[in-house]
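Visitor: A predicted structure for the sequence below; I have some questions about it.
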Amino acid sequence: MNPPPSPEVRTRAYVGVGSNLNDPARHVREAMAALEQLPSTAVAARASLYRSAPVGRIDQPDFVNSVAALDTALAPQELLDRLLAIEARHGRVRGERNAPRTLDLDLLLYGEQRVQGPALTLPHPRMHERAFVLLPLAELDAGARVPGHGCVRDLLDAVAGQRVTRMQEP
């Protein structure tokens, strides 16, 4: 008799979701639904939608942002590759940095892992400086740790002046 298969080891990962083109709230909601379809992954929680001012290049529409908590058995690079495929299905074209976009999916955290590579950096660079990431992340887990930077709740004060507002959802 064979032993029962061992359960998949899953890691808590957080994904930032954003859009500012072609009905951004719809793109964010559809992206959340697409995350539900990832193999060996469960969406543990979804933050509210937030409206935020663009960063860097300010001559563009406001963004709609959120964060999803995933429990996944996918490796970090495989998860990122699947996020990029979802972006592509939403018409994301990569070009100019901080340009308007139909969908942006950022792998923010993958457990406590730190990765520095050409295709993937964990934690996501500058996430600790961005209210549009920290506010929805704090909604899900204010005690989450950003390796090298500290606890999300402690990082919020430094971004308090950034224009980010929680949206009323229908």
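Guide: Ah, there it is. Note that the structure is predicted; figures quoted are calculated from it, not measured.

Visitor: pLDDT below threshold where in the chain?
Guide: Applying pLDDT under 70 to the chain flags residues 1-7, 95, 98-99, 170.

Visitor: Would you mark the buried spots in the lengthiest helix in it?
Guide: The helix that spans the most residues within the chain, counting by DSSP state H, is helix 76-89. Buried residues in helix 76-89, counted by 16 or more other CB atoms under 10 Å: 76, 79, 80, 82, 83, 86, 87. In short, each C-beta sits where N, CA and C put it, glycine included.

Visitor: do the same with stretch 120-133
Guide: Buried residues in stretch 120-133, counted by 16+ other CB under 10 Å: 120, 122, 123, 124, 127, 128, 130, 131, 132, 133.

Visitor: That stretch: how far from the chain's middle?
Guide: 9 Å (CA atoms, centre = their mean, to the nearest Å).

Visitor: Output that stretch as PDB, nothing but the C-alphas.
Guide: Only the C-alpha atoms of stretch 120-133 are listed here, as PDB (Å, rounded to 0.1, in the frame of the first residue of the first chain):
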ATOM      1  CA  LEU A 120      12.900  39.100 -10.200                       C
ATOM      2  CA  THR A 121      13.600  41.100  -7.100                       C
ATOM      3  CA  LEU A 122      12.000  40.300  -3.800                       C
ATOM      4  CA  PRO A 123      10.800  42.100  -1.900                       C
ATOM      5  CA  HIS A 124       9.500  44.300  -4.800                       C
ATOM      6  CA  PRO A 125      11.700  47.400  -5.000                       C
ATOM      7  CA  ARG A 126      10.200  50.600  -3.600                       C
ATOM      8  CA  MET A 127       7.100  48.800  -2.300                       C
ATOM      9  CA  HIS A 128       8.000  50.100   1.100                       C
ATOM     10  CA  GLU A 129       7.800  53.700  -0.300                       C
ATOM     11  CA  ARG A 130       4.400  53.400  -2.000                       C
ATOM     12  CA  ALA A 131       1.100  54.000  -0.200                       C
ATOM     13  CA  PHE A 132      -0.800  52.400  -3.100                       C
ATOM     14  CA  VAL A 133       0.900  49.100  -2.100                       C
END
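
Visitor: Over to the nearest residue to residue 127 once chain neighbours are set aside. Which of the three states is it?
Guide: Nearest residue to residue 127, sequence neighbours excluded (CB to CB, 6 or more residues apart in numbering): residue 133, at 4.7 Å. With DSSP: H, G, I helix; E, B strand; the rest coil as the basis, residue 133 sits in helix.

Visitor: Break down this structure into its helices, ranges please.
Guide: Ranges of helices in the chain, per DSSP H, are 24-35, 76-89, 131-141, 152-155.

Visitor: Out of those helices, which gets nearest to residue 114?
Guide: Residue 114 sits nearest to helix 76-89 of all the helices of the chain, at 10.6 Å, using CB to CB.
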